[in-house]
Structures are given as C-alpha cells and as structure tokens.
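> kindly return the folded structure for what I paste below:
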Amino acid sequence: MLNLLPCRLRMHAWCLIPKGDVLSFIEKCMVAVGTKPQHACSLAEVLVEGDMRGHYSHGLNRMDMYVKDIETQICEKEGEPVIEKETVATALVDGRNLLGPVVGNFCMDLAIRKAKEVGIGWVVAHGSNHYGIAGYYSMQALKENMIGMSYTNTSPLVVPTRAKECTLGTNPISVAAPAKDGDSFVLDMATSAVALGKVELHHRRGDDIPEGWGCDAQGQVVTDPSKVLNGGGLIPIGGSEDTGGYKGYGLGMMVEVFCGILAGAEYSRHVRTWKVTNKVANLGQCFVAINPENFAPGFNDRMADMLSIHRQLDPAVPGSSVLAPGDPERMNMEKCAEMGGIPYHLSVVDFMNNCARRIGVTQLLPCDKVI
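From the prediction side, this is the model:
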C-alpha cells in the first residue's frame, strides 16, 4: 500500500485523482462541519476548477482554511446573500458573512441577469469571504456570450511603492471575453508580483527568491524569503519603482476602489491579517457582466482575430509558442482530461485526508495511483 512507501519517496510522489472524487471529498468535509449541502457544492466546484486550471494554491490545498472558518463560526453556515440596494444595472449585496463562493455565485448570476436586460450588470458585495480563483466568476459570463469581470480585496500582504508596511492585498483582477467557437480570452492575475505561497515554498526549500518578489521590514527589495515572511511583504507587479512597481501598486488600489470602498466593506489595513481569524473578514468583491451585443457588431470575430494574431507570432525562444491569457489554464485542463484526473502532490493528499479524519469523514481521497 502507498502508506508503506518510504518518506523520501512520498515527498516526491504525485497521485492522480478523478475530478469527481475530489468534488465529493470536499463536499463531505464541509457538510461534516455543518455547511449546507448546496453551499458545500459551490465551494467544491470553485476549488476543483482552480486545480483543473493549474492554480493549485487556490484549490484543494485551501480546503482546511474553509473548514476552519466554519468550525470556528467566524464564517456563517446558514442563510443566503441579500440585495440591499439595486437599479436596473447595479446592485449592492450583503454577503451575510457566508462562504465566498456562495456570495460570488449569487452576485455573478445577478450581474448576468442585469446584463441580459440592459446590457451591463455591475454588482458589488460586502460581508464576503475568500472566494477562490477570480476567474471562476468572470468565466461564468462566457456561457452567455458576455464579457465578465471579477475583483476581490484580500488580507494586506503587499507593500506599496516607497513604503514599508503591508496595506494592500494581492487583490486579483479577472476579465473573460468570448471569441468564436468556444474560444476566449481569460485574464486571471494578482496585482502582486507573486503569491505568498511561492515565497513560503522557497523558504521551506532553503532557496533564495528572485529579486522583485518581496521586500524586508524596511521596504528594501531582498532575495532572502525569511525577511519577506518575517516583517516584510510582497511587492506589487513590476517590482521596484525603477522597474514599474508603482503600476502594480496602482492596480491594487483600483481593486480596493471597486471592492472595499464601493461596497462598504473592509479595505486596506482594516482587512484582517492573513490566516488570523480573530474577526470577521468582511471582504469586498465586484462582479461585472457586459453584453457585447449592445456595442459594435462582430465582437467575437474581432476577439478571435486578436487571439490569432498573438498566438501566431514567431516565438523568441525556438520550440516555444506565444500564448494568449487563458491558454496555459486551458492546456492544463486538457492534460487533466487526457490523464483522467487531477495530479496532486501526496503531501497535499495526506494533509487533507488527516483533516478529514479529524472531522469524522471516512471516505478519504484515493492516493494509490502514483504518477
């Protein structure tokens, strides 16, 4: 059996798990701590979509965080989001401190309905929580041949240009736009140079980080990950001021305008510290749907042409290819489909199975198909 493998071998092993098994596992774990079945399903779908698209930092790897949020009652498990104020094209939603995906799905569905009626739907929410990958919500608009956008603020992990204190989150931006024959443009990016998890991974390995990822407690760019994790912070996209980091800083603040400020949620340094659940998160989020039919005709054709222009460029490195936003994720999903499942590092599977045992779940993730 796999559990008898030497520790050294297990550290470097991956296993292949069918998508349905992961979905079922997450749902069972969330229901075990009191989550409503439909809410557990919403969360499972977002997390597994993250893994299918190759964003492992926002998939199964995060399940224990959501379990803790429900167990500690810092996140509500009963109720539904509520519309507080609306017009034909806009809405303000109270997420009622429910799981982020529950709030996100409610808001994006509402934005799409409004866009069908008047061409655009702009919905913001307060009282939300971590909602997984931003692209999950923007891509929902693609199903209706619409442009989708999604933004969220997060715990402060990023140090603004010329500063020393973390006052902004990684504040992701996602925009999805449809092209012909099911093709699409999907941008899903943080406004920090890198995710905190990548710095943590380098620290565990004892490796330096690339210059431009983070800074120390004095705001100076460093390559020692321990200085970033102990009093320092992440740097905005662009790195230092000399290399354009102020642009990433500006984008991070833009997300706060759309989310924390517009929705009346927490913002900037007022958002709780990452992984500290001593108070309600009250994150602000923004969801937009735009119907191209209300604008110039031929949108899908022009989108397809623009994607083709860039994909057909001669690559600077022979043997590689120029990709459009969303292509790496699409390729990862195709790989998962060919393999018949999602590849997970055994350390993640072991950790989540132990989490499940602790809360009384007996149907664990299968981990016998080592790849």
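
> how near is Gly34 to Val67?
10 Å (C-beta to C-beta, to the nearest Å). The way it works is simple: take the backbone N, C-alpha and C, and place the C-beta from them, glycine included.

> again with Val194
26 Å.

> and the pLDDT for Asp368?
Per-residue pLDDT puts Asp368 at 76.

> and Arg204, by the same measure?
76.

> state the distance from Arg357 to Asn61.
18 Å.

> circling back: out of Gly34 and Val67, which sits in the more crowded spot?
With neighbours defined as other C-beta atoms under 10 Å, Gly34 and Val67 compare such that Val67 has more, 21 against 13.

> in three-state terms, label Leu323 for me.
coil (DSSP: H, G, I helix; E, B strand; the rest coil).

> tally of neighbours for it?
Neighbour number of Leu323 under other C-beta under 10 Å is 15.

> how about Gly182?
7.

> doesn't Val67 make contact with Val33?
Yes - in terms of C-beta atoms under 8 Å, Val33 counts as a neighbour of Val67; the distance is 5.6 Å.

> isn't Ile290 up against Ile147?
Yes - contact between Ile290 and Ile147 holds when scored by C-beta under 8 Å: they sit 4.2 Å apart.

> what is in contact with these two at once?
Ala141 (C-beta atoms under 8 Å, 6 or more residues apart in numbering).

> where does the residue nearest in space to the middle of the chain sit: helix, strand or coil?
Central residue of the chain (C-alpha atoms, centre = their mean): Ile133, 2.2 Å from the mean position. Secondary structure assignment for Ile133 (three-state DSSP): coil.

> which residues touch it?
Neighbouring residues of Ile133 by C-beta under 8 Å, 6+ apart: 46, 49-50, 53, 55, 58, 172, 174, 188.

> quick one: the strands in this structure?
In the chain, the strands defined using DSSP state E lie at 14-17, 82-86, 90-94, 120-128, 147-152, 173-178, 184-189, 214-215, 221-222, 233-234, 283-290, 342-345.

> which one of those strands lies nearest to Ala316?
Set against Ala316 and scored by C-beta to C-beta, the strands of the chain come closest in strand 184-189, at 21.3 Å.

> and the closest one, what does it pack against?
helix 135-138, strand 173-178, helix 299-311 (3 or more C-beta pairs under 8 Å, 6 or more residues apart in numbering; DSSP states H and E).

> pull out the buried positions in the longest one.
Within helix 299-311, the residues scored as buried using 16 or more other C-beta atoms under 10 Å are 299-300, 303-304, 307.

> list the contacts of Gly233.
156-159, 165-166, 214-215.

> how about JSON lines for those residues, with pLDDT added?
As requested, the contacts of Gly233 are exported to JSON lines (pLDDT from 0 to 100):
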{"residue": "Pro156", "pLDDT": "97"}
{"residue": "Leu157", "pLDDT": "97"}
{"residue": "Val158", "pLDDT": "98"}
{"residue": "Val159", "pLDDT": "98"}
{"residue": "Glu165", "pLDDT": "96"}
{"residue": "Cys166", "pLDDT": "97"}
{"residue": "Gly214", "pLDDT": "96"}
{"residue": "Cys215", "pLDDT": "96"}
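
> one step back: from Gly340, how far out is the residue nearest to the centre of the chain?
For Ile133, the distance to Gly340 - C-beta to C-beta - is 23 Å.

> and Gly326, by the same measure?
23 Å.

> the more surrounded of the two?
Gly326 (21 against 11).

> tell me the pLDDT at the more buried one?
pLDDT, read off for Gly326, is 98.

> tell me, how many residues neighbour the closest residue in space to it that isn't next to it in sequence?
Nearest residue to Gly326, sequence neighbours excluded (C-beta to C-beta, 6 or more residues apart in numbering): Val186, at 3.1 Å. Residues near Val186, counting by other C-beta under 10 Å, number 22.

> repeat for the one 3 residues further on
Under the neighbour criterion other C-beta under 10 Å, Met189 is assigned a count of 16.

> find the nearest non-adjacent residue to it, please.
Met189 sits nearest to Ile173 (C-beta to C-beta, 6+ apart), 5.8 Å away.

> returning to what we had before: columns neighbour count, pLDDT and distance to Thr243 on top of the contacts of Ile133, output as TSV?
TSV is the format used below for those (neighbours: other C-beta atoms under 10 Å; pLDDT from 0 to 100; distance: C-beta to C-beta, whole Å):
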residue	neighbour count	pLDDT	distance to Thr243
Val46	26	98	33
Glu49	22	98	33
Gly50	23	96	29
Arg53	24	97	28
His55	21	92	25
His58	24	90	27
Pro172	25	96	21
Ser174	22	98	24
Asp188	24	97	23
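
> neighbour count winner among Arg357 and Asn61?
Asn61 (20 against 11).

> where do the helices sit along the stretch 101-250 of the chain?
135-138, 196-205, 225-229, 245-256 (DSSP state H, counting those that start in this stretch).

> among these, which comes closest to Cys15?
That would be helix 196-205 among the helices of the stretch 101-250 of the chain, by C-beta to C-beta, at 19.5 Å.

> what comes up buried for the closest one?
196, 198-199, 202-203.

> same check on stretch 150-170?
150-161, 166-170.

> end to end on that stretch, go ahead and measure it.
Length of stretch 150-170, first residue to last, C-alpha to C-alpha, to the nearest Å: 14 Å.

> now swap in stretch 148-166 and tell me
End-to-end for stretch 148-166, by C-alpha to C-alpha: 29 Å.

> do stretch 136-151 as well
So stretch 136-151: terminal residues 11 Å apart, C-alpha to C-alpha.
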